[in-house]
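Engineer: Show me the folded form of this:
(one chain, ligands or ions: 2)
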Amino acid sequence: MAQFFKPQKRNKSVSKILTGQVSALDHQARAVVRAAVKGQPTRFIMGALPGEVIQYKTAGKHSGTLERILKPSTERRETPCPYYSKCGGCDFQHINEQKQLAHKRQVVEELFQKFGVFNPETSSLPWQEPLVSEPTRYRRRVRLATRWLGKEQRLLIGFREAQSHNIVAIQDCLVADEVLLQRVNALYPLLNTAAVASKLGHIEAINTNTPIILLRITEALPSEAMQALQEWQTANKTDIWLQSEADLQPIADATMPFDTSIDGDKLYFQPGDFLQVNGGINQRMVQQAMDWLKPEKTKRVYDFFAGIGNFSLPLARRAKSVLAVEGVYRMAEQTRINAESNSMDNLNSLSADLNKIAASDLREWEEAADLWCLDPARPGAEGVVKLLHKLKPEHRPERILYVSCAPDTLARDLAGMTTESKGCNYRIIGLSTVDMFPQTHHIETMVCLERVS
Ligand SMILES: C[S@@+](CC[C@H](N)C(=O)[O-])C[C@H]1O[C@@H](n2cnc3c(N)ncnc32)[C@H](O)[C@@H]1O
Ligand code: SF4
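Structural biologist: Numbers count the residues shown, from 1 in each chain. Ligands and ions are numbered 1, 2, ... in the order given. This next block holds a predicted model:
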């Protein structure tokens, strides 16, 4: 019998304006709101604080947007950035920096408890002082969205609104190095023509040893525009790079930019490579990693999720040998080049997917390493934890340093390493939050583990 397709009736939820009190913040700094109206689900809403009574507009099953604060918290402050209410770049400016850090520490502690990493009734965590950043002007890299408004013949440059494709036009950003927006604003007249702007994707501005502007383009730019960009570059001492689908090149002769490691070594990178956003905090984080991991001249080290060698080079300066493992081939190659250009012969670099890494992949290099450094992206290091379980106990590292940018996956991974019943028995000997992203909900944490048996 013929089957006819019948579209299912959609249960379209209509937005309502409700009132409720915030009971807590979740690990993304969203307010947990239990509605005053019976039968309404708990909702997660950005911008409100515990204890506040708010009016909010429901969205989807469990979300909502803040409409009005009826009873503000005493912890609320005036937000320093004028774009804050619209810009999606920061979401945590409405409390001061100490309270932001206290919240972040509490989130980590709650997640550790939830995943069974520790039990507050029988143990405590060895918290150390957080690494505290400058609250503003800490970003050395920003990514700006662009849109050519054809009718108005005007290019819009700014950050995206939270959960939206709309762009908030900005002249300055309080968390960015002043140089970044200054250079973009100075370049604006050259970009603000239909011939250039209609071919423009996003813009990245970076400042390490020299300012860089990367223009993401969808088509080649006209030759007159290229000429004008080259003249601007010389006059403004700012390197311009163009990135298309297939290519990434400076528009004229440019030296490779570099970051400087704690030992003064140069870590060269291309604008598309991973670079820790907060340069000042990065230096302190790498120093703390060395202090905790203790890479002495007898130790062999694996640096997993190595990027361009931010931890690998300082490790190699101190240890017997280092194997850096990175998923992106280009960056793994950059680590090799960085080792060579800093005259290091004890740092090897391998490109591999650490979700699928097997003990045999590493055996080609060395049987085992004494120390591991892990600095994964947000999905965490589940593959590496699995690898740890597969290794014979005598081949497991004596110490592991885990740098995390996502406390939920950190807690999950630590649970797999600290629980004797799961076959791995490490204990936490150092723990601190790292203020990599002030004014935002993002949580960076460092943990040092030591093998117990
Ligand atoms: C947070 S960054 C850290 C990079 C470097 N440690 C640093 O401090 O600059 C995480 C790195 O992990 C790499 N990565 C992500 N997933 C990976 C995977 N499955 N296998 C290997 N590397 C991966 C990314 O390319 C990125 O370079
Ligand atoms: S990202 Fe910059 S412009 Fe946006 S809210 Fe934060 S400080 Fe303001």
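Engineer: So Leu49 sits against Arg77, correct?
Structural biologist: No. If you go by C-beta atoms under 8 Å, Leu49 and Arg77 don't touch, sitting 10.3 Å apart. Yep, even glycine has a C-beta here, placed from its N, CA and C like the rest.
Engineer: With neighbour numbers in mind, choose between the two.
Structural biologist: In terms of neighbours (other C-beta atoms under 10 Å), Leu49 is the more surrounded of Leu49 and Arg77; the figures are 21 against 11.
Engineer: how far away is the residue nearest the centre of the chain from Thr74?
Structural biologist: What sits nearest the mean C-alpha location of the chain, by C-alpha atoms, centre = their mean, is Cys405, with 5.9 Å. Look at Cys405 and Thr74: by C-beta to C-beta, to the nearest Å, they are 31 Å apart.
Engineer: Mutual contacts of Leu49 and Arg77, please.
Structural biologist: Taking C-beta atoms under 8 Å, 6 or more residues apart in numbering as the contact rule, the neighbours common to Leu49 and Arg77 are His94, Ile95.
Engineer: what's the helix or strand for the residue in the stretch 1-150 of the chain positioned nearest to ligand 2?
Structural biologist: Ranked by C-beta to the nearest ligand atom, the top residue of the stretch 1-150 of the chain for proximity to ligand 2 is Gly89, at 2.3 Å. Assigned by DSSP states H and E, Gly89 falls within no helix or strand.
Engineer: any idea of the pLDDT on it?
Structural biologist: Looking at Gly89, its pLDDT is 92.
Engineer: Over to the one 3 residues further on?
Structural biologist: Phe92 carries a pLDDT value of 93.
Engineer: Is stretch 163-180 in proximity to ligand 2?
Structural biologist: Yes. For stretch 163-180, a contact with ligand 2 is found by C-beta under 6 Å from any ligand atom, at Ile170, Cys173, Leu174, Val175.
Engineer: Return the members of the residues you listed classed as buried.
Structural biologist: Buried by 16 or more other C-beta atoms under 10 Å: Ile170, Cys173, Leu174, Val175, out of the residues of stretch 163-180 next to ligand 2.
Engineer: Take those and write them to TSV, including secondary structure.
Structural biologist: Below are these laid out as TSV (DSSP: H, G, I helix; E, B strand; the rest coil):
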residue	secondary structure
Ile170	coil
Cys173	coil
Leu174	coil
Val175	coil
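Engineer: Among those, which pair sits farthest apart?
Structural biologist: Taking C-beta to C-beta as the measure, these span a maximum distance of 11.3 Å, between Ile170 and Val175.
Engineer: Please export the C-alpha coordinates of stretch 384-402 as CSV.
Structural biologist: What follows is stretch 384-402, C-alpha atoms only, in CSV (Å, rounded to 0.1, in the frame of the first residue of the first chain):
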residue,chain,number,x,y,z
VAL,A,384,44.9,10.1,26.3
VAL,A,385,43.2,8.9,29.4
LYS,A,386,42.3,5.6,27.6
LEU,A,387,46.0,5.3,26.5
LEU,A,388,47.1,5.8,30.1
HIS,A,389,44.8,2.9,31.2
LYS,A,390,46.3,0.6,28.4
LEU,A,391,49.9,1.2,29.5
LYS,A,392,51.6,-1.2,32.0
PRO,A,393,51.8,0.6,35.4
GLU,A,394,55.6,0.8,35.1
HIS,A,395,55.2,2.7,31.8
ARG,A,396,52.9,5.3,33.2
PRO,A,397,54.3,8.8,33.9
GLU,A,398,55.2,9.7,37.5
ARG,A,399,53.6,13.1,37.0
ILE,A,400,50.9,14.6,34.7
LEU,A,401,50.2,18.3,34.2
TYR,A,402,46.7,18.9,32.8
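Engineer: can you tell me the average pLDDT over that stretch?
Structural biologist: For stretch 384-402, the mean confidence score works out to 92.
Engineer: and Leu66, what is it in contact with?
Structural biologist: Counting by C-beta under 8 Å, 6+ apart, Leu66 makes contact with Ala31, Ile45, Met46, Gly47, Ala48, Ile54, Gln55, Tyr56.
Engineer: my bad, Gln270
Structural biologist: Leu248, Met256, Arg330, Gln334.
Engineer: Disregarding flanking residues, what is the spatial nearest neighbour of the second one?
Structural biologist: Of all residues beyond its chain neighbours, the one nearest Met256 is Tyr268 (4.4 Å), with distances taken as C-beta to C-beta, 6 or more residues apart in numbering.
Engineer: re earlier: spatially, and excluding backbone neighbours, which residue is closest to the residue nearest to the centre of the chain.
Structural biologist: Among residues not flanking Cys405 along the chain, Glu444 sits closest, at 5.4 Å (C-beta to C-beta, 6+ apart).
Engineer: Number of residues surrounding that neighbour?
Structural biologist: 25.
Engineer: For it, give the beta-bridge partners.
Structural biologist: In this entry, Glu444 is beta-bridged to Val434, by DSSP bridges.
Engineer: separation between it and ligand 1?
Structural biologist: Note on Glu444: its distance to ligand 1, by C-beta to the nearest ligand atom, to the nearest Å, is 9 Å.
Engineer: ok, now Ala377?
Structural biologist: Note on Ala377: its distance to ligand 1, by C-beta to the nearest ligand atom, is 4 Å.
Engineer: quick one, what contacts that residue?
Structural biologist: Phe305, Cys405.
Engineer: Recalculate using a threshold of 10 Å.
Structural biologist: For Ala377, the contact set (C-beta atoms under 10 Å, 6 or more residues apart in numbering) comprises Phe274, Phe305, Gly307, Gly327, Ser404, Cys405, Ala406, Thr409.
Engineer: three-state assignment of the last one?
Structural biologist: In terms of secondary structure, Thr409 is helix; the call rests on three-state DSSP.
Engineer: Skipping adjacent residues, who's closest to it in space?
Structural biologist: Ranked by C-beta to C-beta, 6+ apart and with sequence neighbours excluded, the top spatial neighbour of Thr409 is Gly380, at 2.9 Å.
Engineer: what residues go with each domain of the chain?
Structural biologist: 17-76, 141-250, 278-451 (the TED database).
Engineer: Count the neighbours of Ala29 for me.
Structural biologist: 23.
Engineer: Ser164: neighbouring residues, count only.
Structural biologist: For Ser164, the neighbour count with other C-beta under 10 Å is 10.
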